[in-house]
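Participant: Below are the sequence and a predicted model for it; my questions follow.
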Amino acid sequence: MPIYLPAISRRRFLGRSLAAAGSLALGAELLAAGRAREPRSWALLSDPHLAADRALMSRGVNMTDHFKQVAQEVLRLPNVPAGVMITGDCAYNSGELVDYALLGELLHPLREAGTPVQLALGNHDHRERFWQAFQDQKQGVHPVADRQTALLRAPNVNWFILDSLETTLSSPGLLGPQQLHWLATALDENPKTPALVVIHHNPGINGGNLGLKDTFPLFEVIRPRTQVKAYIYGHTHNWKVEPDTSGIHLINLPPVSYVFREGAPSGWVHAMVEDDGMELELSCIDKKHKDHGQKLKLAWRV
């Protein structure tokens, strides 16, 4: 059951009262005025961990403030991005309805500025409450029953969003045979378009039991299918990009919220997707961080 939050039209925006829209939403509309859409541009976010209590701090970080800053930075891009990807752990701890209500509210400025949002699930989310919170926004077919799975087609790339939530509040993740079968079938039906696979959990290739349990079955699907160019994930609250042995780019997105390791950056990544590769630019919450503004150019394997 994919959840896809479409952009909100200008007409709908103007039909709302200023009081209901709020100053941030008004700023979004003003920022969007005169901006063209850039179909190659994508905002990649992970691990916002939003709590209904906007003042809540975790590891010295106010998660709501971090998310608001990131949203404003996305709104200030020169052109409207094709979409925002959030790779999971949308909620603070156990995926409460009130957490998702805040998420929906904070996403409104982006949608009102013309940017659709694609949401994935992590181990701090709760699938049923997530679906309940976004009941009126459910769209599209259900490629895998009871999973937040989707194929999002863009002009020069296909995004495969997978659901690795096995149990809320249990760190490891699992895709399962049905989801892997769907992925293999969908990839075989789209052999010529570059594919980017988005999963909350990190690959567990080093024996770690806190990542994706069925990493090896996943790699048996994606390694021989050369249209797969990248595996994008969160979960570890770390920023790292490295190649797999087959040439697939393993992209560990930084958290929007808090970090696990002192000195690691929090923030988001702006991706410019070309026909033959992708450029990533890291935007840190702390603009004085040594990695802020780092750019990486990734070439697609052939």
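Facilitator: Received the coordinates, thanks.
Participant: make it CA atoms for all contacts and neighbour counts henceforth
Facilitator: Noted.
Participant: so where's the stretch 1-150 of the chain uncertain?
Facilitator: Applying pLDDT under 70 to the stretch 1-150 of the chain flags the ranges 1-3, 9-34, 136-142.
Participant: Next up, the contacts around Glu105.
Facilitator: Residues in contact with Glu105 (Cα atoms under 8 Å, 6 or more residues apart in numbering): none are found.
Participant: Can you tell me the SS state at it?
Facilitator: Here Glu105 takes the helix state, with states given by DSSP: H, G, I helix; E, B strand; the rest coil.
Participant: Check the one 3 residues further on too.
Facilitator: Applying three-state DSSP to His108 yields a three-state assignment of helix.
Participant: And Lys192, by the same measure?
Facilitator: Assignment for Lys192 (three-state DSSP): coil.
Participant: Give the burial count for it, as a bare number.
Facilitator: Each residue near Lys192 was counted by other Cα atoms under 10 Å, and the total is 12.
Participant: And the one 10 residues further on, by the same measure?
Facilitator: Taking other Cα under 10 Å as the criterion, the count of residues near Asn202 is 24.
Participant: Without its sequence neighbours, what residue ends up closest to it?
Facilitator: Counting by Cα to Cα, 6 or more residues apart in numbering, Asn202 lies nearest to Gly211, which is 5.0 Å off, once chain neighbours are set aside.
Participant: got the contact list for that neighbour?
Facilitator: 171-173, 201-204, 235.
Participant: Quick check: phi and psi on it?
Facilitator: The phi/psi pair for Gly211 (degrees, to the nearest 10) reads phi -100, psi -150.
Participant: Just the ones of the contacts of Gly211 in strands?
Facilitator: Per DSSP state E, strands hold no members of the contacts of Gly211.
Participant: Export the residues you listed as JSON lines, with columns for pLDDT and distance to Gln69.
Facilitator: JSON lines is the format used below for those (pLDDT from 0 to 100; distance: Cα to Cα, whole Å):
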{"residue": "Ser171", "pLDDT": "95", "distance to Gln69": "27"}
{"residue": "Pro172", "pLDDT": "95", "distance to Gln69": "29"}
{"residue": "Gly173", "pLDDT": "96", "distance to Gln69": "29"}
{"residue": "His201", "pLDDT": "97", "distance to Gln69": "25"}
{"residue": "Asn202", "pLDDT": "97", "distance to Gln69": "26"}
{"residue": "Pro203", "pLDDT": "95", "distance to Gln69": "29"}
{"residue": "Gly204", "pLDDT": "88", "distance to Gln69": "32"}
{"residue": "His235", "pLDDT": "97", "distance to Gln69": "21"}
